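what would the 3D arrangement of this be:
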Amino acid sequence: MQSELTRYEQYINGEFRSGRGTFVADVLNPSTGLPIGTLPHASEADVKEAVDAAAQAFPSWKNVGVLERSNLLRTIASNIRARRPEISVAIATELGKPIVEARKEVEVAAEMFDWAAEEARRAYGRIIPSRTLGGFQYAQVEPIGPVAAFAGWNAPAITPSRKISGALAAGCTIVIKPSEETPGVALGIVRAAADAGLPAGVLSVVFGDPAAIADQLLAAPEIRMVSFTGATSVGKQIGEKAARTMKRATLELGGHAPVIVCDDVDVAKVAKAAALTKFRNSGQVCTSPTRFYVQEGIYENFLKAFSSVAAELRVGNSMDECVQMGPVKNKRRREAVERLIDDARSQGVAVVSGGTRPHEGGFFLSPTVLRDFRDECLAANEEPFGPLAMFRPFDSIDNAISMANRLPFGLASYAFTRDVARARDLSDGIDSGVVCINEWQASLPETPFGGVKDSGLGSEGGIEGLREFQRTKCVRNGTIL
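Purely as a prediction, here's the structure:
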């Protein structure tokens, strides 16, 4: 059995190699609960070598012409598309995302590099009128330096691709630690970059003890920026440690996305789309719609339509082409969601559908719908990060906005109405980094994505995301001589 398992590698200074650490972890298939590979962890020496390589490669990489960098990024995008079959299978077997959805994720990952290739050519500074005749002054945009990045398991192709492409486009080198639970996906992206001819040291990938690697990277003076995607509690620690050495920190943290549905919508159409979006990737999406506030006049009909779609979703092995929802990632995640469901039940909240384990083996949990949830419920305060949706009616737009803003999170929010004035009130009133009006896609390569309050600092994606990897230098030339 052991000989059949994949043995994953690190990628350091242009070489794929086994980690020199003493610990080896199993990588599990959540559809079966069985191991599919082993992951040797990086040693402290491995991480140091990756940092040293990034520091040594930075001076030459930042001076590579923007057209050459752009062309290389395009080649990486093309290579990712060529590797779509194998990367898609890695997503499905390591994460549990249905294979049909996995293929879409690979395409979005490639789009991250395509967009970065274009924007790499647009790092504009500005000329500032001089106060003295014959003098000149300008603001010059430069790469910030070597970057340390951390990516979670729930979007194992998109998140690393967004960080890597942004850093490379800006002229930065990068050391990234993707999730140890989905290593094959990240390595597929890295192989696409290596095959494109990316110089050694510009990109390194290490896996291992997350806390130990984070501490080592954050303490390294060569690292000038940290980009982190993950839990709010961990992100706050990352931000605090980054501040000690004056590193810039871009933090994309947790959410608890509210959805406001007004009484002028097409109930059946919006409810169906809402359910399909909610249970995409088994609800393991930081922007996943979770708290549904539905106007009183349509509340019962909307809840019924949503629950009907949820109950009919095909749940099963992620490699099945007909499956619409796979398992949650691991045993811990399933137990965490079940704890929220049990707590809601204990407080008298009705479970309209789901809340069960539909299959033996693997980490399956059926799509679950709660009605008339209470603010005191754990599920109303902790991000479920699983296949759990909760509903409550509202009577006025002001009341709905107040409920949407109740929590200290503000990553993504959604609102649905045909009324232009209502839409303006909702977009202005909801306190969130992203507000989607009559739209479910909260993040695209070309748009800024980031949270407010406990949901993070800074942006990823769009022009704003690229600027996170850059610094501004003011140059003034006078007339003294």
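
can you give the domain ranges for this protein?
What automatic domain parsing lists as the domains of the chain is 2-253+455-474, 257-444.

which one of those lies closest to Ile480?
Among these, domain 2-253+455-474 comes nearest to Ile480, with 9.4 Å by CB to CB. Bear in mind the C-beta positions are built from the backbone N, C-alpha and C, glycine included.

quick revisit: can I get the domains of the chain in a markdown table including distance to Ile480?
Converted to a markdown table, the domains of the chain look like this (distance: least, CB to CB, whole Å):
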| stretch | distance to Ile480 |
| --- | --- |
| domain 2-253+455-474 | 9 |
| domain 257-444 | 46 |
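
phi and psi next, for Phe279.
phi -100, psi 10 (degrees, to the nearest 10).

quick one, what contacts it?
Contacts for Phe279 (CB atoms under 8 Å, 6 or more residues apart in numbering) come out as 310, 313, 324-325, 367, 387, 389.

what does Ala249 give?
Counted by CB under 8 Å, 6+ apart, Ala249 has contacts 225-228, 238-239, 242-243, 457-458.

now do Gly201
13-14, 53-54, 56-57, 173.

wait, which of the residues you listed is closest to Gln216?
Nearest to Gln216 among the contacts of Gly201, with distances taken as CB to CB, is Ala54, at 12.9 Å.

how near is the closest one to Arg224?
Here the criterion is CB to CB, to the nearest Å. By it, Ala54 lies 10 Å from Arg224.

likewise for Ala92?
From Ala92 to Arg224 the distance is 36 Å (CB to CB).

before we move on, back to that, reformat the contacts of Phe279 as JSON lines; add pLDDT.
Formatted as JSON lines, the contacts of Phe279 follow (pLDDT from 0 to 100):
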{"residue": "Ala310", "pLDDT": "97"}
{"residue": "Leu313", "pLDDT": "97"}
{"residue": "Gln324", "pLDDT": "97"}
{"residue": "Met325", "pLDDT": "98"}
{"residue": "Pro367", "pLDDT": "98"}
{"residue": "Pro387", "pLDDT": "98"}
{"residue": "Ala389", "pLDDT": "98"}
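
keep only those of those residues that are in helices.
Mapping the contacts of Phe279 onto helices (DSSP state H) picks out Ala310.

between which two of the contacts of Phe279 is the distance greatest?
Gln324 and Ala389, at 15.1 Å, using CB to CB across these.

neighbour-wise, which of these two wins?
Counted by other CB atoms under 10 Å, Gln324 and Ala389 do not tie: Ala389 has more neighbours, with 31 against 18.

which residues touch that one?
Shown in contact with Ala389 (CB under 8 Å, 6+ apart): 275, 278-279, 283, 289-290, 292, 306, 310, 367-370.

what about Leu478, neighbour count?
For the record, residue 478 is Gly, not Leu. Counted with other CB under 10 Å, Gly478 comes out at 12.

same check, this time on Gly65
Other residues close to Gly65 by other CB under 10 Å number 9.

make 625 the starting number, not 1.
Yes, from this point I'll number from 625; that puts the last item at Gly689.

how about the strands in the stretch 825-974 of the chain?
Secondary structure of the stretch 825-974 of the chain by DSSP state E, counting those that start in this stretch: the strands cover 827-829, 849-853, 872-876, 881-885, 913-919, 974-977.

would a markdown table of those strands with mean pLDDT and distance to Val688 be doable?
A markdown table is the format used below for those (pLDDT from 0 to 100; distance: least, CB to CB, whole Å):
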| stretch | mean pLDDT | distance to Val688 |
| --- | --- | --- |
| strand 827-829 | 98 | 13 |
| strand 849-853 | 98 | 19 |
| strand 872-876 | 97 | 22 |
| strand 881-885 | 98 | 39 |
| strand 913-919 | 98 | 42 |
| strand 974-977 | 96 | 55 |
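
out of those, nearest to Gly790?
Using CB to CB, the strands of the stretch 825-974 of the chain put strand 849-853 closest to Gly790, at 7.9 Å.

give me the contacts around the closest one.
The contact list for strand 849-853 (CB under 8 Å, 6+ apart) reads 768-776, 783, 787, 790-791, 796, 841-842, 858-859, 862-863, 866, 871-877, 910, 1084, 1092-1093.

which of the residues you listed fall within helices?
783, 787, 790-791, 841-842, 858-859, 862-863, 866.

most neighbours, which of the residues you listed?
Top of those by neighbour count (other CB under 10 Å): Gly790, with 31 neighbours.

my read: that residue touches Glu1088, true?
No - the criterion here is CB atoms under 8 Å, and Gly790 misses it with Glu1088 at 10.4 Å.

per-residue pLDDT of Leu1105, please?
What the model reports as pLDDT for Leu1105 is 70.

kindly report the same for Met625.
Looking at Met625, the pLDDT reads 37.

at the geometric centre of the chain, which residue sits there?
Thr783 (4.8 Å; CA atoms, centre = their mean).

quick one: common contacting residues for Ala678 and Arg848?
Residues touching both Ala678 and Arg848 (CB under 8 Å, 6+ apart): 770-771.

neighbour-wise, which of those two wins?
Ala678 (29 against 21).

quick one, phi psi at the more buried one?
phi -60, psi -40.

follow-up on the earlier one: wait, doesn't the residue nearest to the centre of the chain sit right on Ala775?
Yes - between Thr783 and Ala775 there is a contact under CB under 8 Å: 4.2 Å.

which residues do these two both contact?
Residues touching both Thr783 and Ala775 by CB under 8 Å, 6+ apart: 802, 853.

might you report the residue contacts of the nearest residue to Asn1029 once chain neighbours are set aside?
Using CB to CB, 6 or more residues apart in numbering and skipping residues adjacent in sequence, the residue nearest Asn1029 is Asp1055, 4.8 Å away. Asp1055 makes contact with 1029, 1034, 1076-1077 under the criterion CB under 8 Å, 6+ apart.
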